[in-house]
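>>> 3D, please:
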Amino acid sequence: MKKYRALVLVAVFLFPILASLPVAHAEPNQNIVLVDQPHRDFQGNFFTDDFASTLLPTGSLGIKVFTPATRPRTWLIDPALLEDVQALAVKSVDAQNWLLQLKTISSEDSIIAVPYAHPDLSLLKRLAPNELSFYFDYSQSQLQLFFGKVVLINRSAKWYTGKAKVTSEAALSYTYNRRALVLMSTVVPVEQLNPMRSRLAALLSEGISESRQRTLAASADLALMQERHRLRIVGGNYRLTSLHEKIPVTLVNDFDTPITANLYLGVQNSRIKIGKVRPVILPAKSKIQVFLPITVIAAGTTTVLVEYRNGSGKTINDVSVLTINSSVISPTVAWFTTGAAVILFLAAITQSVRRVRRGRK
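Okay, here's the model as predicted:
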C-alpha cells in the first residue's frame, strides 16, 4: 500500500514538469517541384540564351537545388527539363554544376516522376487519354537512368500549377503527329519512336506561351518528316532496252533495328507490268537494293509510285517516284501494229479496185 502511495506522489510531483516540456512534432514532408517550359525545339535548338541564368544558385531553378527545403522532402521532377539541362551542359559549366548538385543533394531523398513534359492533364485526357500512362512510364524510366535509383510514380502528387492555353496549331500538330507515329509503330519498333512520341507532350505543356507553341508545332511537323525519312525508298529514272528487265531500287533503313515492310507499287498506265514483290527485310542502319521484275507492254514513259505499307495495307512513309522510259515494242504490240497495217493496206487496195471498176463503167 505504501508503494502505491509513493508512486502517486511521484506522479503528482512530475506531472507539472512533464507538461511544461516542449512536445516534439514530426516535420511535414516538403515537395520540391522541378518543371519548366520547353527550352528547345524538336531539332534540339534552344529558343533563347537566358536558360543558363536560371540554373545559377540565385536563379529560379538554381535556388531549388542549391538551397533546397530541409528534410524530409520529396522531389517531383520532369525529365524533359533534365534533358534540356544536359543539352546545355555540353557548353555550359553552370548547367554541369546544376546537374551535379541535383544528384548529390537528392541522393537520400525520394523522387517522383512528373509525366514527361508536364502536359495539361485535362487537355491531354481530351486529345489522347491513353497517352498519360506512357508519359508517366517513360518519365520514370528516364529519371531512373539519370539518378541510378528507384523513382516512384504518384498520380495524386501535385506538380501542376494551372492549365495550358493551347493554340489550334499546337493541338492539330499534336494529334496529327501522334497518329502518324502510331501508324509507323506497326512496322518500326516502338522503342525507336518513343523519344519523339514523348516530346510531343511539350505541345501541351503548362505555362508555355502561344508563340512558342506555334514554333514547336512547326518544329514537330518537321521532326515527323525527318523521322519518316529514316525509312525511305530512293526514287530514280530508268531506261528499258529489252522486253523483260529487272530494275534496281534502293531501300534505306536508318533505324537501329531491322524492319520488315511491304512494298506497294502503283503503276500509272498500262505500258509496263511489274511482277510480284515479296515483303522486304531491311537490316538495321542499312541501304540495300531490290530488283523489280518488269515486262514491257508498249513503248513510252511510265510513272511508278513506290511506298512502304504495313500488314494492313496502310502507308507508313512518304511516296517515292520511279520514272521508267521504254523504247521496246513487245511482240503483242508488234503483231497488233503489223496486223493493223496489213488491214489498212488491203482496205486501200480494195478501194482502188472499186474505183477502177466504177471508171470502166
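>>> Which residue ranges of the chain form strands?
30-34, 73-77, 110-113, 231-234, 236-240, 244-253, 259-267, 272-274, 280-282, 286-296, 300-309, 320-326 (DSSP state E).
>>> Include distance to Arg179, mean neighbour count and mean pLDDT when you put those into a markdown table, please.
Just so you know, the C-beta spots here come from the backbone N, C-alpha and C atoms, and that holds for glycine as well. Output for the strands of the chain, formatted as a markdown table (distance: least, Cβ to Cβ, whole Å; neighbours: other Cβ atoms under 10 Å; pLDDT from 0 to 100):
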| stretch | distance to Arg179 | mean neighbour count | mean pLDDT |
| --- | --- | --- | --- |
| strand 30-34 | 31 | 16 | 95 |
| strand 73-77 | 29 | 21 | 98 |
| strand 110-113 | 26 | 21 | 98 |
| strand 231-234 | 17 | 19 | 96 |
| strand 236-240 | 31 | 15 | 94 |
| strand 244-253 | 22 | 17 | 95 |
| strand 259-267 | 19 | 16 | 94 |
| strand 272-274 | 31 | 17 | 94 |
| strand 280-282 | 24 | 16 | 95 |
| strand 286-296 | 27 | 16 | 95 |
| strand 300-309 | 16 | 18 | 95 |
| strand 320-326 | 22 | 18 | 95 |
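>>> looking at the ones you listed, which is closest to Ala217?
Among those, strand 231-234 comes nearest to Ala217, with 23.4 Å by Cβ to Cβ.
>>> May I have the closest one as CSV, with CA atoms only?
Output in CSV follows, covering the C-alpha atoms of strand 231-234 (Å, rounded to 0.1, in the frame of the first residue of the first chain):
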residue,chain,number,x,y,z
LEU,A,231,12.8,4.6,-93.6
ARG,A,232,12.8,5.6,-97.3
ILE,A,233,12.8,4.5,-100.9
VAL,A,234,15.2,6.3,-103.3
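>>> Tell me the helices and strands packed up against it.
On a contact count with 3 or more Cβ pairs under 8 Å, 6 or more residues apart in numbering; DSSP states H and E, strand 231-234 meets strand 244-253, strand 259-267, strand 300-309, strand 320-326.
>>> Go through the strands of the chain and name the closest to Met196.
Comparing the strands of the chain by Cβ to Cβ, strand 231-234 comes nearest, at 13.6 Å.
>>> So the spatially most central residue of the chain versus Gln142, what's the distance?
Nearest to the geometric centre of the chain sits Met196, at 3.0 Å (Cα atoms, centre = their mean). Going from Met196 to Gln142 by Cβ to Cβ, to the nearest Å gives 14 Å.
>>> Make a markdown table out of the helices and strands packed on strand 231-234 and add distance to Gln289.
Formatted as a markdown table, these follow (distance: least, Cβ to Cβ, whole Å):
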| stretch | distance to Gln289 |
| --- | --- |
| strand 244-253 | 5 |
| strand 259-267 | 12 |
| strand 300-309 | 13 |
| strand 320-326 | 13 |
